[in-house]
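> Just to be clear, the model below is a prediction. Sequence and coordinates:
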Amino acid sequence: VFDDEEESKLSYTEIYQEYQALVEKLLEDYLKEVGINEEKFQEAFSSPLAKTHTSQAILQTVLAAEDFRLFKKMMVQKNIEMQLQALRIIKERNGVLPDCLTEGSDVFSEIEQEEMKILREVLRKSKEEYEIEQERKRTEE
């Protein structure tokens with residue numbers, strides 16, 4: 001459902017509210033199961049160990065329940081990952097992508113290959129910059 005457009009759709013809000021309720025319920029149930037009260041969880045959540053890169057990646061799903069922008073960003077990323085995974089599976093099963101997904105060509109020209117290299121490099125740089133920015137924000141917090 002999520003795309004990378006600037007404007008959010010009404011359906012995003014509905015999904016976000018469902019997500020918030022689900023995360024809250026799962027978190028409550030888990031805390032009860034392991035015998036931790038909310039105050040202890042809040043202490044652990046705000047401890048220095050929770051600020052590490054690995055912990056932040058794990059806690060991102062919980063944090064997204066409190067921040068719509070983070071939630072949308074996470075959903076857009078998951079959507080892209082799912083699309084890429086679907087394309088990879090199609091290619092693995094068929095050996096090539098169907099014409100409808102390659103605009104009638106299964107072979108990339110040299111220009112297209114060069115464009116793909118550039119695109120991959122731009123995406124890699126963008127991801128690095130995003131991770132650096134996220135780490136900087138975590139450090140500031």
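Ah, there it is. Here the structure is a predicted model, which is why all the values come from computation and not from measurement.

> The helix or strand hosting residue 57 packs against which elements?
Taking DSSP states H and E as the criterion, the element that holds residue 57 is helix 53-63. Judged by 3 or more C-beta pairs under 8 Å, 6 or more residues apart in numbering; DSSP states H and E, helix 53-63 is in contact with helix 10-34, helix 68-94, helix 110-140. Quick note: C-beta positions are derived from backbone N, CA and C, even for glycine.

> Reformat those helices as JSON lines; add distance to residue 58 and mean neighbour count.
Formatted as JSON lines, these follow (distance: least, C-beta to C-beta, whole Å; neighbours: other C-beta atoms under 10 Å):
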{"stretch": "helix 10-34", "distance to residue 58": "13", "mean neighbour count": "12"}
{"stretch": "helix 68-94", "distance to residue 58": "13", "mean neighbour count": "13"}
{"stretch": "helix 110-140", "distance to residue 58": "13", "mean neighbour count": "10"}
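
> Which of the ones you listed sits closest to residue 56?
Between residue 56 and the helices and strands packed on helix 53-63, the shortest gap by C-beta to C-beta is with helix 110-140, which sits at 5.9 Å.

> got the angle between the closest one and helix 53-63?
Comparing the axes of helix 110-140 and helix 53-63 via axes from the mean of the first three to the mean of the last three C-alpha atoms, to 10 degrees yields an angle of 90 degrees.

> who does helix 110-140 touch, helix- and strand-wise?
helix 53-63.

> and this structure, what are its domains?
If you go by the TED database, the domain ranges for the chain are 10-101, 104-140.
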